[in-house]
Each structure stands twice: as structure tokens, then as C-alpha cells.
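Chemist: my questions are about this predicted structure, shown below with the sequence.
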Amino acid sequence: MNKPANEHKMKWFARLGYGARGLIYVIIGGLAVMSAIGVGGGTVDSRGAIQKLMQQPLGQTMLVVLIVGLLGYVSWRLIQATKDTDQHGTSVKGLAVRGGLLVSAITHALLAFYTTTLLGAPGGTSNSGSDSAQGFISSTPGQIVLALVGLAVSGAGAAHIVKGYKAGFEKYMDIPPRQRSWARPLCQFGLIARGIVWLMIGWFLIQSALKARAGDIAGMGEALNTLASSPYGDWLLGIIALGLLAFGIYSFLEAAYRRINT
């Protein structure tokens, strides 16, 4: 098979990956919006969103498509990190961005693996080894790793906020002029909202490292619940939930208009 054909397939594989990420965030944001207005069963993280998808008609079929999409996203992130397709360079900032892309590939690969385990799990649930995780986190190397991950997640959150504020995504996307008037602020809102949530998750991870307790590790669902329990919680949760929903739409726009140079 010739190289152009392979590149064409890789581009569609990557676009399917952006779409898969968008679907997950639309579910997370939608459920959080429902929770903020007092409807539905509460907030979820990425795994919870996949479990919700599993419970729908044709759930297993949708999970298979989601796995393919996530693997496409992982492949594209690896290409971005190793081949520097967006020309971030080898400066400290450039290497940090490319490192973030590599981490994104790893986390979405783990999410794809988790989704695969659901296909064979009764009731659409999967258990992990919490005892071994607690043992690792309680060790000094585990605390260091968790703290570094927390710092990396916090850095990624700050980068999302800056990227949203400056609309830095536009230099990588070919959004048609007729759609730019609404797409630009929506993408900005989505990136800033995701950045805020990631800052919260990063702080949770650092706190868990300091306490050396794996059971204290919190994710997106816990971050949203923390917002909900704060003063003006329903309003704060509603705003961030709409932002995560907007980030899902932003991911769909990336699936359609992102420049993908493999």
C-alpha cells in the first residue's frame, strides 16, 4: 500500500479519535448540567461516561467504535509528540508541550484498555487492584510520581486556560469563516472550563501524594462534586458543566477542521 493511502487512513483515524474524545466530554458535560439543575443521577468522570454509554441500546457496539476512536487518538498523539507535527520545537516550552502530548497518549491508551475490559465485564463494570495501588502510593517513589503527575496535570490545566484565552487553537484549525463567529468563543469557553477542572484534579493528586493515600485520589467526577458542594455550587457546577459540554463540541470541531499532518 502506498504512502499517500496510509496517510489518508491515518488522518481519518485521528479524526475519529477527536470525535471519540468529544463524545466522552459531551456525556460528562451533559450529565453535569442535569445535576446542576436537579435532574439526573449526578456527575461522572471519563470512565463513568463510558459506563453510561455501555448502558445504552447498542452499548457494546458503541464501545467498540469508541475503542477504535481512542486508539486513533492515541496514535495521533504519539505522532504529534515524536514527529513534532505542530512544530513546537525542542525548546523547554516545546518539549513540555510534546511531553504533554505523550502523556495524553498514555492516558487515552489506558482509557481504551478500560473500555475493552467493560466489553467482557458483567453489568458493564470493572474492578482495579486498589490494594496494590495503595501500596505503591504509600512508598516514597509512589509519592514522588503522584506529585509529579499532579504538577503535570496542573500545568496542562494552566496551558488549557491560556490556550483558550488566546484562542491558540485557531492556528491549527481551518474553521470556515461562516462558523467562526460562534465556534471561536465556544472553543475558548470549553478549553478554559477543562483547564479549571484539570487544575483542581492536579491539586487533588498533589494532596494525595502528601497524604500518601491512594484512596484520596480524585478525578473529574470528584472535582465537579467539589464545585457542587461549594458556595453558589449549583451555579459554579452549571457553568463548568456547560464548559465541558462546549469542550466536547470543540473536539467535534477538531475532528472536522483540525489540520492533521502525519
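Modeler: Yep, that arrived.
Chemist: output the below-cut-off pLDDT ranges for the stretch 1-150 of the chain.
Modeler: 1-3, 41, 121-140, 142 (pLDDT under 70).
Chemist: one more pass at 90, please.
Modeler: 1-11, 13, 31-60, 84-104, 106-107, 110, 117-150 (pLDDT under 90).
Chemist: ok, which stretches of it are helices?
Modeler: Assigned by DSSP state H, counting those that start in this stretch, the stretch 1-150 of the chain shows helices spanning 3-36, 46-54, 59-83, 92-119, 130-138, 140-166.
Chemist: Trp235: which of the ones you listed is closest?
Modeler: helix 3-36 (7.9 Å; CB to CB). (Each C-beta comes from the backbone N, C-alpha and C, glycine too.)
Chemist: Serialize the helices of the stretch 1-150 of the chain to TSV and add fields for distance to Ala241 and mean neighbour count.
Modeler: Below are these laid out as TSV (distance: least, CB to CB, whole Å; neighbours: other CB atoms under 10 Å):
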stretch	distance to Ala241	mean neighbour count
helix 3-36	3	19
helix 46-54	13	21
helix 59-83	21	19
helix 92-119	20	17
helix 130-138	28	13
helix 140-166	16	17
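Chemist: Met173 is nearest to which of the ones you listed?
Modeler: Comparing those by CB to CB, helix 3-36 comes nearest, at 10.7 Å.
Chemist: contact partners for Leu66?
Modeler: Residues in contact with Leu66 (CB atoms under 8 Å, 6 or more residues apart in numbering) are 20, 23-24, 50, 53, 115.
Chemist: and the nearest residue to Gly233 once chain neighbours are set aside, what element?
Modeler: Take Gly233 and drop its neighbours on the chain: the residue closest to it by CB to CB, 6 or more residues apart in numbering is Leu227, 6.1 Å away. Using DSSP states H and E, Leu227 maps to helix 220-228.
Chemist: which elements pack onto that helix?
Modeler: With contacts defined as 3 or more CB pairs under 8 Å, 6 or more residues apart in numbering; DSSP states H and E, the packing partners of helix 220-228 are helix 3-36, helix 177-211, helix 233-257.
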